[in-house]
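[1] Pasting the sequence and the predicted coordinates here, then a few questions.
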Amino acid sequence: MSIAKKKADARKLAFGARKTAFGTGLDQAANRNLIGQLALYREAEVIAAYMPIRTEVSPLATMTILHGQEKRICVPVIQGDGMALRFQEWTPDAEMVDGPFGASVPLRGEFLQPDVLITPLLSFDRKGYRLGYGGGFYDRSFEQLSALKPVIGVGFAYSAQEVKRVPTEPTDYKLNAIVTETDVLRF
């Protein structure tokens with residue numbers, strides 16, 4: 001079976017697992033764990049997170065807290081197919097507009113180079129790999145950002161999204177940590 005077929009099959013299962021966890025009140029505990037993990041990166045000045053879509057665990061509470069701690073927060077903006085993401089500054093009162101794939105993006109704001117990149121995902125394993133939607137946007141972004149400076153990748157998910165093994169290929173980026181409502185895995 002090809003890696004593309006393995007990933008497609010894994011995505012179908014992962015959507016179901018995430019949907020089961022969504023809306024069950026786990027986001028608050030997940031955000032507490034995320035704040036705890038991010039406290040380890042005191043020197044990080046720019047934190048990229050994301051505007052949740054579909055059934056993704058929401059990092060909005062963490063983003064708001066970090067903004068209050070004088071961190072600069074940014075969110076991904078899709079530039080086009082086959083391209084890395086750009087990260088536009090976000091504040092709790094930013095005027096937002098619809099972006100590609102249904103994620104809101106700031107109407108205005110400076111584009112920043114994050115020190116920490118909090119990533120959504122469909123599934124993850126205990127080796128630090130994530131399965132995304134299949135566009136490769138985050139993998140290309142990690143590659144591009146890492147060429148400029150060290151960047152820390154933190155996956156954010158529900159524990160129900162854990163799988164024994166994520167199908168991977170050489171272009172898949174290994175995260176530094178994965179945070180759920182029950183655990184923080186560090187790699």
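    Ah, there it is. Being a predicted model, the structure only gives us computed values, none of them experimental.

[2] For Ile53, which three-state class applies?
    Applying DSSP: H, G, I helix; E, B strand; the rest coil to Ile53 yields a three-state assignment of coil.

[3] Averaging pLDDT per element, find the lowest-scoring helix or strand in this structure.
    The least trusted helix or strand in the chain, going by mean pLDDT, DSSP states H and E, turns out to be helix 3-21, with a mean of 85.

[4] Just the buried residues of that one, please?
    Applying a neighbour-count criterion of 16 or more other CB atoms under 10 Å, one finds 6-7, 10-11, 14-15, 17-18, 21 buried in helix 3-21. All C-beta spots, glycine's among them, are computed from the backbone N, C-alpha and C.

[5] on contacts alone, who are the packing partners of it?
    When contacts are defined as 3 or more CB pairs under 8 Å, 6 or more residues apart in numbering; DSSP states H and E, helix 3-21 sits against strand 123-124, strand 130-131.

[6] For the ones you listed, give me JSON lines that also has mean neighbour count.
    JSON lines is the format used below for the helices and strands packed on helix 3-21 (neighbours: other CB atoms under 10 Å):
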{"stretch": "strand 123-124", "mean neighbour count": "24"}
{"stretch": "strand 130-131", "mean neighbour count": "24"}
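
[7] of these, which approaches Lys71 most closely?
    Ranking those by distance to Lys71, with CB to CB as the measure, places strand 130-131 first at 22.9 Å.

[8] Could you export the buried residues of helix 3-21 as TSV, including distance to Gln79?
    As requested, those are exported to TSV (distance: CB to CB, whole Å):
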residue	distance to Gln79
Lys6	28
Lys7	23
Ala10	26
Arg11	23
Ala14	25
Phe15	25
Ala17	30
Arg18	26
Ala21	31
